[in-house]
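# coords please:
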Amino acid sequence: MSGAAETTYYTNDRVTVTNARFMVDGETHAISGITSVKLEVKKPNRILPAALIIFELLALTSGKNLATLSIWHWAIILLPGLIWMCFQRTHYTVTLASASGEHRALKSKVKPFVSEVVEAINQAIVRRA
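Purely as a prediction, here's the structure:
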């Protein structure tokens, strides 16, 4: 695009998308080299925390009178598994495809942010032609 002004489709403190470049965390990708972009979703594996909670419940109930257990017994036994499960988050990734393969360019826990970046890159790809 010789002589043409660069149009910005999205910008913030971490990402800038123009009709010529996609810049993220100090890394620059040429829009002309990007063939497609997609948003990937990676959900956390909650099998281990769930197994821990089940194991803790089984250990708690084996051979004990449940009526004699206080709320503190329940909290202390179940808390590690519940905390582990609550702190797991879904990760969203901007994946760029080019002639050389796929590249994960941006990862975040905030879906609207990643969606906006993907949409801006799509606009830049469409309008470069």
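
# Kindly report the domain assignment for the chain.
8-43+91-128, 47-87 (automatic domain parsing).

# Quick one: distance of the last one to the chain centre.
Here the centre of domain 47-87 is set off from its chain's centre by 29 Å, with C-alpha atoms, centre = their mean, to the nearest Å.

# ok, now the first one?
From the chain centre to the centre of domain 8-43+91-128 is a distance of 13 Å (C-alpha atoms, centre = their mean).

# first vs last residue of it, how far apart are they?
12 Å (C-alpha to C-alpha, to the nearest Å).

# Enumerate every residue touching the residue nearest the centre of the chain.
Closest residue to the average C-alpha location of the chain: His91 at 1.8 Å, with C-alpha atoms, centre = their mean. His91 is in contact with Val41, Lys42, Lys107, Ser108, Lys109, counting by C-beta atoms under 8 Å, 6 or more residues apart in numbering. In short, each C-beta sits where N, CA and C put it, glycine included.
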